[in-house]
Each structure stands twice: as C-alpha cells, then as structure tokens.
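*Asks:* Pasted the sequence and its predicted model underneath.
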Amino acid sequence: MVLRNEDLDSTRFKMEFVPAMIEDLNWFGFEWQEGPDCGGPFAPYNQSERMDFYRAALEKLRAGNFIYPCTCSRKDIRSAARAPHAEDDEVIYPGTCRQNRESEIANRKFSWRFRVPDGETIFFADGNLGGQKFRTGKDFGDFVVWRGDGVPAYQLACVADDAAMRITEVVRGADLLISTARQLLLYRALGLTPPKFFHCELMKDEAGVRLAKRHDALSLRTLRARGQTPESLRRDWL
Ligand SMILES: [Zn+2]
C-alpha cells in the first residue's frame, strides 16, 4: 500500500492537511509501506516534488504528437455551439485548437490538451463493477494534461506516478470511471502498462447526495470526536 500526497493544486492544498490526513487514516486502520511519512523505494511521495516525472511524460506526449496547445478559456469552451456534456458534466471539448502549433501560439497562455481518437470505444474490466465501456467524443473529449498555469493535470500526474511507483492496483471512487478511460489512453500513448482498477460505489447521504467536503459533519475527524470507533464505522458503512 502506497500513500501518495496529491498536493499539486496550490489553491486547494495546505501543508497542515498532511499530518491531519495521516492521523485520520492511521486512526481508521490504514497501514502503508510507502509514503511521505515513511519514505520508500519510489520516493518522493509528494506530487509537488515530482515535477521532473511529469515534465518527462509531457515531453513524450509532445514528441509523439499526442497533445496540442489549447488557448481556449473555460468560457470559450462553455459557449462553443451545442457543446455536449460528458457524463461527469464536463463540457466535451469541441476541438477548436486541434490544429494549433506551438510555434504559432507566440506569447499567449495555453494548456496542453490530449487529442482523443475519434469514435473509439474504450473497454476495461473493473474489479468491482465489471465490464466498462466508454465512447470517445461522446462520453469524453480532448482533455487537459497540463494546465495554463504550469501545473500538470490530475490525469497526467496520476498516470506518471502510478507507472513510476509500480502501482499494480488502483482502488478509488466510481466518480473516476471516466477518468480511467482517459488514463488508459495516456498509458497507451506513453507506452506504459496500466494497473488493475477497482472502483467503489460512492457513499451517499440520507438524501442520496454523494458525500463531499461540505458534509463536514461526516468527516472522519468529526465522527471520531463524537466517539465513533473505526469498528463502529466499518460496521455502519457496510
Ligand atoms: Zn482550445
């Protein structure tokens, strides 16, 4: 088990979250053999210290012509005519910048976007939810791998790290099923072997709304302060 600290988004990340996260996970009963607190053979385990890995992956994608510079703002993409929405409610990118060349961008700010092959079906066998199928261009479109502010996007950082850290199985929430389809395209473009995937159904509140940060009353920390034990939580959550 590997604990990786995904701290690339400096607008959301705060240093004091790390000891709190480690304490909460330890309390709940998680034990990992590699992580930012204990080190390991594929250190560092803070993404903010792994920029060289992400730059190397970006360079490989660029050399293979898998990505293109996109100068669209969020507003441009939202207002693109009849832009359909992907299942995760992201607007499907209309392909405006597909023909862009880096040399023509001059001094404009741009992100790097992955050119998703048209009309392909991505299949994968999920360890929990079974066979999964996504259509490119319909379920998701060209996605950002490197943000305009110089930060690698989640998809790229995740794939680069999972490969470099020799991750064999990824367990995560079902809200990331489409991300897995995107990431499989990245694995292929980078010539890497993907891990196995196991997506868990999301926990919902009484009204059927998925839990998020606004449900602070249900954070591990709050539940613990109220006297809940890891055993009682595991029993309740089954
Ligand atoms: Zn664009």
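*Replies:* Structure received.
*Asks:* Buried residues in the helix or strand hosting residue 231, which are they?
*Replies:* In this structure, residue 231 is located in helix 230-237 according to DSSP states H and E. For helix 230-237, the neighbour count (16 or more other CB atoms under 10 Å) marks no residue as buried. Every residue, glycine included, has its C-beta placed from N, CA and C.
*Asks:* same check, this time on stretch 6-18
*Replies:* Those would be 7, 8, 18, for stretch 6-18 by 16+ other CB under 10 Å.
*Asks:* so how far is the first residue of it from its last?
*Replies:* 10 Å (CA to CA, to the nearest Å).
*Asks:* cool, stretch 172-181 as well?
*Replies:* Start-to-end span of stretch 172-181 (CA to CA) is 14 Å.
*Asks:* Just the buried residues of that stretch, please?
*Replies:* Those buried within stretch 172-181 under the rule 16+ other CB under 10 Å are 174, 176, 177, 178, 179, 180, 181.
*Asks:* tell me the mean pLDDT for it?
*Replies:* Stretch 172-181 shows an average pLDDT of 94 in the prediction.
*Asks:* who's in contact with the helix or strand containing residue 26?
*Replies:* Assigned by DSSP H and E, residue 26 belongs to helix 17-28. By CB atoms under 8 Å, 6 or more residues apart in numbering, the residues outside helix 17-28 that reach it are 3, 5, 7, 35, 36, 37, 220, 221, 224, 230, 233.
*Asks:* For the third one, give me its contacts.
*Replies:* Same thing as residue 7. The neighbourhood of residue 7, defined by CB under 8 Å, 6+ apart, consists of 13, 18, 46, 47, 48.
*Asks:* Contact partners for the one residue sitting closest to the centre of the chain?
*Replies:* Using CA atoms, centre = their mean, the residue of the chain that lies closest to the mean C-alpha position is residue 154, 4.0 Å off. Each residue near residue 154 by CB under 8 Å, 6+ apart is listed here: 6, 8, 179.
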